[in-house]
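Student: Build the 3D model from these lines:
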Amino acid sequence: MITPNLFQFQRETYPLAHASRKNLVIHALTQPMFVLGLMALAGGLCALHLGAALGGLVAMAIAAAAQGAGHKGEANPPAPFRSKLDIVARLFAEQLVTFPRFVLSGGFGTAWRGSAHRPEDRAEQPEGTA
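Tutor: Sure thing, here's the model as predicted:
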(Lines give C-alpha, C1' and ligand atoms only; values in the text may rest on other atoms or scores of the structure.)
Protein backbone atom coordinates (compact mmCIF):
# COMPACT_ATOMS: atom_id res chain seq x y z
CA MET A 1 0.00 0.00 0.00
CA ILE A 2 1.21 3.50 -0.89
CA THR A 3 0.66 6.52 1.36
CA PRO A 4 -2.65 8.07 0.27
CA ASN A 5 -2.41 11.55 -1.31
CA LEU A 6 1.37 11.14 -1.36
CA PHE A 7 2.34 14.58 -2.67
CA GLN A 8 0.00 16.39 -0.28
CA PHE A 9 1.24 14.20 2.58
CA GLN A 10 4.86 15.03 1.78
CA ARG A 11 4.16 18.73 1.35
CA GLU A 12 2.50 18.89 4.78
CA THR A 13 4.97 16.72 6.72
CA TYR A 14 8.27 17.45 4.95
CA PRO A 15 9.35 20.48 7.00
CA LEU A 16 8.86 18.58 10.26
CA ALA A 17 11.26 15.81 9.25
CA HIS A 18 13.79 18.16 7.62
CA ALA A 19 14.70 20.70 10.28
CA SER A 20 18.25 19.95 11.43
CA ARG A 21 21.15 21.50 9.56
CA LYS A 22 22.96 18.19 9.33
CA ASN A 23 19.97 16.56 7.60
CA LEU A 24 19.47 19.59 5.34
CA VAL A 25 23.12 19.46 4.22
CA ILE A 26 22.89 15.71 3.62
CA HIS A 27 19.79 16.19 1.48
CA ALA A 28 21.30 19.13 -0.43
CA LEU A 29 24.31 16.99 -1.35
CA THR A 30 22.59 13.68 -2.00
CA GLN A 31 19.39 14.66 -3.81
CA PRO A 32 21.36 15.68 -6.93
CA MET A 33 23.37 12.47 -6.55
CA PHE A 34 20.15 10.44 -6.56
CA VAL A 35 18.79 12.25 -9.63
CA LEU A 36 22.07 11.89 -11.54
CA GLY A 37 22.17 8.23 -10.54
CA LEU A 38 18.64 7.79 -11.87
CA MET A 39 19.67 9.42 -15.14
CA ALA A 40 22.73 7.16 -15.38
CA LEU A 41 20.58 4.11 -14.65
CA ALA A 42 18.02 5.04 -17.31
CA GLY A 43 20.67 6.04 -19.85
CA GLY A 44 22.71 2.94 -19.17
CA LEU A 45 19.70 0.70 -19.64
CA CYS A 46 18.67 2.47 -22.86
CA ALA A 47 22.21 2.27 -24.25
CA LEU A 48 22.67 -1.28 -22.95
CA HIS A 49 25.68 -0.06 -20.96
CA LEU A 50 25.65 -2.20 -17.83
CA GLY A 51 28.44 -0.24 -16.11
CA ALA A 52 26.59 3.07 -16.34
CA ALA A 53 23.34 1.47 -15.19
CA LEU A 54 25.02 -0.23 -12.24
CA GLY A 55 26.91 2.95 -11.31
CA GLY A 56 23.65 4.89 -11.34
CA LEU A 57 21.96 2.31 -9.14
CA VAL A 58 24.86 2.45 -6.65
CA ALA A 59 24.70 6.27 -6.57
CA MET A 60 20.96 6.12 -5.87
CA ALA A 61 21.46 3.59 -3.08
CA ILE A 62 24.23 5.63 -1.44
CA ALA A 63 22.11 8.80 -1.60
CA ALA A 64 19.08 7.05 -0.10
CA ALA A 65 21.16 5.48 2.68
CA ALA A 66 22.78 8.82 3.55
CA GLN A 67 19.40 10.51 3.71
CA GLY A 68 18.06 7.75 5.93
CA ALA A 69 21.00 8.27 8.28
CA GLY A 70 20.33 12.01 8.27
CA HIS A 71 16.77 11.42 9.42
CA LYS A 72 18.01 9.62 12.52
CA GLY A 73 19.17 12.98 13.91
CA GLU A 74 15.82 14.68 13.46
CA ALA A 75 13.58 15.47 16.42
CA ASN A 76 10.61 14.43 14.24
CA PRO A 77 11.47 11.40 12.10
CA PRO A 78 9.46 10.72 8.94
CA ALA A 79 6.30 8.64 9.22
CA PRO A 80 6.91 4.89 9.01
CA PHE A 81 6.63 3.28 5.59
CA ARG A 82 3.46 1.33 4.89
CA SER A 83 5.01 -1.23 2.52
CA LYS A 84 8.00 -1.88 0.27
CA LEU A 85 6.14 -0.19 -2.56
CA ASP A 86 5.56 2.83 -0.28
CA ILE A 87 9.33 3.06 0.28
CA VAL A 88 9.92 3.31 -3.47
CA ALA A 89 7.04 5.71 -4.10
CA ARG A 90 7.97 8.06 -1.26
CA LEU A 91 11.66 7.99 -2.13
CA PHE A 92 11.10 8.87 -5.78
CA ALA A 93 8.44 11.47 -4.95
CA GLU A 94 10.80 13.12 -2.46
CA GLN A 95 13.78 13.18 -4.80
CA LEU A 96 11.98 14.27 -7.96
CA VAL A 97 9.20 16.52 -6.64
CA THR A 98 9.11 17.25 -2.92
CA PHE A 99 12.72 18.26 -2.21
CA PRO A 100 12.99 20.52 -5.29
CA ARG A 101 9.65 22.12 -4.33
CA PHE A 102 10.90 22.50 -0.73
CA VAL A 103 13.99 24.35 -1.97
CA LEU A 104 12.26 26.50 -4.59
CA SER A 105 9.38 27.50 -2.30
CA GLY A 106 11.78 28.78 0.37
CA GLY A 107 11.18 25.91 2.78
CA PHE A 108 14.85 24.94 2.80
CA GLY A 109 15.93 28.48 3.70
CA THR A 110 13.28 28.74 6.39
CA ALA A 111 14.37 25.40 7.88
CA TRP A 112 18.03 26.45 7.73
CA ARG A 113 17.37 29.72 9.55
CA GLY A 114 15.12 27.95 12.07
CA SER A 115 17.77 25.36 12.81
CA ALA A 116 20.02 28.08 14.24
CA HIS A 117 17.66 28.15 17.23
CA ARG A 118 17.88 24.41 17.90
CA PRO A 119 20.44 23.46 20.58
CA GLU A 120 21.67 20.39 18.68
CA ASP A 121 22.36 22.51 15.58
CA ARG A 122 23.98 25.39 17.48
CA ALA A 123 26.53 22.96 18.89
CA GLU A 124 27.68 22.09 15.35
CA GLN A 125 28.32 25.72 14.32
CA PRO A 126 31.62 27.55 14.88
CA GLU A 127 31.53 30.56 17.21
CA GLY A 128 29.83 33.64 15.77
CA THR A 129 28.21 31.94 12.73
CA ALA A 130 24.67 31.48 14.06
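Student: helix/strand/coil for Pro4?
Tutor: At Pro4 the chain is in coil, as set by DSSP: H, G, I helix; E, B strand; the rest coil.
Student: and it, backbone torsions?
Tutor: Main-chain torsions, Pro4, degrees, to the nearest 10: phi -60, psi 150.
Student: Got the confidence number for it?
Tutor: Listed pLDDT for Pro4 reads 95.
Student: Also Arg122?
Tutor: Taking Arg122 on its own, its pLDDT is 55.
Student: Check Ala116 too.
Tutor: So, for Ala116, pLDDT stands at 76.
Student: Ok, Trp112 next?
Tutor: 96.
Student: Spell out, range by range, the strands that occur in the chain.
Tutor: Counting by DSSP state E, the chain forms no strands at all.
Student: Next, the buried residues of the lengthiest helix in it.
Tutor: When secondary structure is assigned using DSSP state H, the longest helix within the chain turns out to be helix 21-46. For helix 21-46, the neighbour count (16 or more other Cβ atoms under 10 Å) marks 21-24, 26-27, 30-31, 33-35, 37-38, 40-41, 44 as buried. For every residue, glycine as well, the C-beta is placed using N, CA and C.
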